[in-house]
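Undergrad: Got a sequence here, can you model it:
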Amino acid sequence: MSGAIPDLSLYNFYKSQDSVVLNNLQDTIEEASTGYKLLNIAQNPGDTQQVINLKKEIVLLSTYSQNAFSASNVLTTTTSVLGNLYDYLQTVNTDVVAAANEATYNSTQLINMGQSIYSILDLTLSKANEKFGDNYLFGGSSLSIQPFAADFSYQASTTDFYTQISTSYQVPTYLNGQNVFGLNIQTTSTSYNSYTQSFSGPGELIIHYGTNVYQINYNNTPYEWDWNAGLSSTNAPLGVSGTISLSMVTASTTNVYNISYSSTDTLSTLLNKISTSTGGDFKASILHNLDNTYGIEISPSTNNLSATYSLYDSNSLYKLDQTPSNLLELSNYINNVFSGTLQAFIRQNSNSTFSLEIAGKDVAKPLNIIDLNQYVSSSFKQESVFSVLKQTADRLSLGLPTIDNELGANMVISSQSFNSLTSPIGVNGTLEIRISSSTIPIDYTANMSLIDVANLINKASNGAAYADFVQNQNGTYSLEISSMLASQSLTATDVVNGAFSQFNNNQIPNGSYIFNVQRALDQISYANAQVGSYIQNIQTQDNVLTNTTTVATTELANYQDASVPNVLTDYSQYQLAYESLMNLIANQKNLTILKYI
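TA: Down below sits the predicted model:
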């Protein structure tokens, strides 16, 4: 039996090799028949997990690609609609600019223009309510709610609907119509019978424009004295003692009020002293600054054009400031101080009343205005493409031009400016103010201030003219004179070329109808450009998706797919090996173990 062990070992070797070769041969046959390299998890767990991950990734990429295709179709429809609206508004813009000149078109032609704009307004509303499939293009994330009602109010979602087109990027697809058709123009909800009608009292406008916040103090008198005390609350102690002397002088009376204050008094205490100790001639109010500190402002109680007012403080705490007191002054103040940022207009409404309109210069920056005290207006309302078209159509349908020429030539501003409202002007002279056919001579002296000259004009004109000051961008002041009635023309001449040199005619800013239609045109163009950028982003992202999918598919094939030429080669090799093994076994005829199998 000494040869049995070698025989058994050799037999086991042949048997194991037979199993290996047969398994390999079977695997290659299965690879050739299925086309897959990995046939079960146990074969290669790591590669199998990679295959599972790659398949998941390819499915997700396919979903993103379908989303991108769908979003692109929606936005392509949106840009087509906005393009149509832009064409409509271009037609309106051409008509509105032409309609500014009464000499070019008669009232019948203007009325016909107005009716044409009403038709375009209807088309605009229809386009704004268009759908893509079952969803409204401009309904935002509410999708199925009609965005605009018959009265043009927005009733859908105020957020865009987004489509996910990659793990890190989603694209606005159904847009918030309020943003698309809303304009960064705000108008007073309160209207006035005259643009020189005084506000009801003092207050503050807070203007949010883009990321900036502006504060404008106004009053019902054209100037006030401010002390920006910088106190943390209205009940904080003043920290200083002194005396305020207030005076009001008319042709027949002189009233002087001396008010003492101590360092332990608060702003509230001082305000109460002024309000109760000045016989109703002066009023005080709290000055609330943007940094949440507090001060106090003092002003005449009424805009008495025949009175001269003054303030003296023993500590020289108070600064005399120009304060807009009516629509004309406020619009001029905004246009001078915030030139290049904001633009203000006085709009004559269809019922002959006047409103103040404030617009941002940059179409892309949002605008919001709050009247803290509501003496200018109870609120400010945002204009839209629809409201602008309707207001313009309303005006033209009355046979009125888009610019009222009567509002254009009744205000003049001195070319000479001054560093202070209260310092002497330094030169004697005579002004001739001509209102329609009447001439008002004004003799001024070198020791008068701008305020004195303005008071002199207001007294002498007996309500026909109104003198005020405009603050220039460099901080200086100019004299401004306007006629109290829109129908009265006005000119002013410094006949001896004295302190004021000459006066420049200036239009009351009433070109709101032309500006608003142009802004509506700009807004639609801006919105369409945004949509175009979304489409471009989708195309860029879709290219990334395509490339990523190709890489993932190739990688999956490397892990999973069998190579037919390699499989056939392996099959031939394994088959040859198997046959060689069988031949080898058959040639071992002396193997003792063969006798027993």
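
Undergrad: Wasn't Ser62 part of a helix?
TA: Yes - under DSSP: H, G, I helix; E, B strand; the rest coil, Ser62 falls within a helix.

Undergrad: quick one, what contacts it?
TA: With contacts defined as CB atoms under 8 Å, 6 or more residues apart in numbering, the neighbours of Ser62 are Thr549. Placement of C-beta: from N, CA and C, glycine included.

Undergrad: residues in contact with the residue positioned nearest the centre of the chain?
TA: Nearest to the mean C-alpha position of the chain, by CA atoms, centre = their mean, lies Pro366 at 1.6 Å. By CB under 8 Å, 6+ apart, the contact list for Pro366 reads 184, 208-210, 360.

Undergrad: Switch the residues you listed over to a markdown table; also include distance to Ala393, pLDDT and neighbour count.
TA: Supplementary listing: these in a markdown table, determined by distance: CB to CB, whole Å; pLDDT from 0 to 100; neighbours: other CB atoms under 10 Å:
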| residue | distance to Ala393 | pLDDT | neighbour count |
| --- | --- | --- | --- |
| Asn184 | 22 | 98 | 22 |
| His208 | 30 | 97 | 14 |
| Tyr209 | 29 | 98 | 21 |
| Gly210 | 31 | 96 | 13 |
| Gly360 | 24 | 97 | 22 |
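
Undergrad: Just list the residues touching Ser285, thanks.
TA: Residues near Ser285 by CB under 8 Å, 6+ apart: 201-203, 271, 296-297.

Undergrad: now those residues: which count as buried?
TA: 201-203, 271, 296-297 (16 or more other CB atoms under 10 Å).

Undergrad: Can I get the residues you listed in CSV including secondary structure and distance to Gly230?
TA: As requested, the buried ones among the contacts of Ser285 are exported to CSV (DSSP: H, G, I helix; E, B strand; the rest coil; distance: CB to CB, whole Å):
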residue, secondary structure, distance to Gly230
Gly201, coil, 24
Pro202, coil, 19
Gly203, strand, 20
Leu271, helix, 16
Ile296, strand, 11
Glu297, strand, 14
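
Undergrad: possible to save these as CSV with distance to Asn428 and pLDDT?
TA: Shown next, in CSV, are the buried ones among the contacts of Ser285 (distance: CB to CB, whole Å; pLDDT from 0 to 100):
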residue, distance to Asn428, pLDDT
Gly201, 38, 86
Pro202, 35, 88
Gly203, 39, 90
Leu271, 41, 94
Ile296, 37, 94
Glu297, 34, 92
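
Undergrad: just curious, which of these is nearest to Tyr162?
TA: The closest of these to Tyr162 turns out to be Gly203 (CB to CB; 40.9 Å).

Undergrad: Make sure that closest one is actually in contact with Ile370.
TA: No - using CB atoms under 8 Å, Gly203 makes no contact with Ile370, being 10.5 Å away.

Undergrad: coming back round to it: restricted to strands, list the contacts of Pro366.
TA: Among the contacts of Pro366, the residues falling in strands (DSSP state E) are 184, 208-209, 360.

Undergrad: Out of the residues you listed, flag the one nearest to Gln536.
TA: Asn184 (24.8 Å).

Undergrad: The closest one contacts Ala359, correct?
TA: Yes - using CB under 8 Å, Asn184 is in contact with Ala359, at 6.4 Å.

Undergrad: So for the two, which residues contact both of them?
TA: Common neighbours of Asn184 and Ala359, using CB under 8 Å, 6+ apart, are 367, 519.

Undergrad: Just the pLDDT at Ser563, thanks.
TA: You'll see Ser563 listed with a pLDDT of 48.

Undergrad: got it, and the one 3 residues further on?
TA: The predicted structure scores Asn566 at 54 on the pLDDT scale.

Undergrad: what's the answer for Gly498, then?
TA: As predicted, Gly498 sits at a pLDDT of 78.

Undergrad: ok, now which ones touch it?
TA: By CB under 8 Å, 6+ apart, the contact list for Gly498 reads 427-430, 444.

Undergrad: Out of the residues you listed, which end up buried?
TA: Applying 16+ other CB under 10 Å to the contacts of Gly498 flags 427, 429, 444 as buried.

Undergrad: and which of those is nearest His288?
TA: Checking those one by one against His288 (CB to CB), the nearest turns out to be Tyr444, at 37.4 Å.

Undergrad: Residues in a beta bridge with the closest one, which ones?
TA: Beta bridges link Tyr444 to Gly429, judged by DSSP bridges.

Undergrad: Touching, it and Asn428? I think so.
TA: Yes - counting by CB under 8 Å, Tyr444 does reach Asn428; the two are 7.0 Å apart.

Undergrad: Any regions of this protein where pLDDT drops low?
TA: 1-51, 54, 102-103, 305, 404-409, 484-487, 497, 506-507, 556-597 (pLDDT under 70).

Undergrad: what's the domain layout of it?
TA: The chain breaks down by the TED database into domains covering 10-37+561-595, 47-189+382-400+510-558, 190-218+325-378, 224-321, 411-506.

Undergrad: Check the offset of the third one from the chain's centre.
TA: Here domain 190-218+325-378 is found 17 Å from its chain centre; the criterion is CA atoms, centre = their mean, to the nearest Å.

Undergrad: Endpoints of it, how far apart?
TA: By CA to CA, to the nearest Å, the extent of domain 190-218+325-378 from end to end equals 6 Å.

Undergrad: and stretch 472-482, which residues are buried?
TA: For stretch 472-482, by 16+ other CB under 10 Å, it's 477-482.

Undergrad: Narrow those residues to those in strands?
TA: 477-482.

Undergrad: where's Ile274, which helix or strand?
TA: In this assignment (DSSP states H and E), Ile274 forms part of helix 267-277.

Undergrad: What angle do helix 267-277 and whichever helix or strand comes after that helix make with each other?
TA: The helix or strand immediately downstream of helix 267-277 is strand 282-288, counting by DSSP H and E. Here strand 282-288 points in a direction 160 degrees away from that of helix 267-277 (axes from the mean of the first three to the mean of the last three CA atoms, to 10 degrees).

Undergrad: wait, doesn't Asn101 sit right on Ile514?
TA: No - Asn101 lies out of contact with Ile514 (CB under 8 Å); the separation is 11.3 Å.

Undergrad: Who has more neighbours out of those two?
TA: Between Asn101 and Ile514, Ile514 has the larger neighbour count (other CB atoms under 10 Å), namely 18 against 12.

Undergrad: Contacts only, for the more buried one.
TA: Listed by CB under 8 Å, 6+ apart, the contact set of Ile514 reads 96-97, 100, 402-403.

Undergrad: For Trp227, state which of the contacts of Gly498 is nearest.
TA: The closest of these to Trp227 turns out to be Tyr444 (CB to CB; 30.0 Å).

Undergrad: Give me the common contacts of Gly203 and Ile370.
TA: With CB under 8 Å, 6+ apart as the test, Gly203 and Ile370 reach no residue in common.

Undergrad: ok, back up a step: quick check: the two most widely separated of the contacts of Gly498?
TA: Maximum pairwise distance in the contacts of Gly498, criterion CB to CB, is 11.0 Å, between Val427 and Thr430.

Undergrad: C-alpha coordinates for stretch 501-517, PDB please?
TA: Taking C-alpha atoms only, stretch 501-517 is exported to PDB below (Å, rounded to 0.1, in the frame of the first residue of the first chain):
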ATOM      1  CA  SER A 501     -27.900 136.700  -9.600                       C
ATOM      2  CA  GLN A 502     -30.600 135.000 -11.800                       C
ATOM      3  CA  PHE A 503     -33.400 132.400 -11.500                       C
ATOM      4  CA  ASN A 504     -33.700 129.300 -13.500                       C
ATOM      5  CA  ASN A 505     -37.100 128.000 -14.600                       C
ATOM      6  CA  ASN A 506     -37.700 124.600 -13.200                       C
ATOM      7  CA  GLN A 507     -40.500 122.200 -13.900                       C
ATOM      8  CA  ILE A 508     -42.600 120.800 -11.100                       C
ATOM      9  CA  PRO A 509     -41.700 117.100 -11.500                       C
ATOM     10  CA  ASN A 510     -44.900 115.900 -13.100                       C
ATOM     11  CA  GLY A 511     -43.600 113.500 -15.800                       C
ATOM     12  CA  SER A 512     -44.800 110.500 -13.900                       C
ATOM     13  CA  TYR A 513     -47.000 109.000 -16.700                       C
ATOM     14  CA  ILE A 514     -44.000 108.900 -19.100                       C
ATOM     15  CA  PHE A 515     -41.600 107.700 -16.400                       C
ATOM     16  CA  ASN A 516     -44.000 105.000 -15.200                       C
ATOM     17  CA  VAL A 517     -44.600 103.400 -18.600                       C
END
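
Undergrad: Since that was my last question, I'll sign off now.
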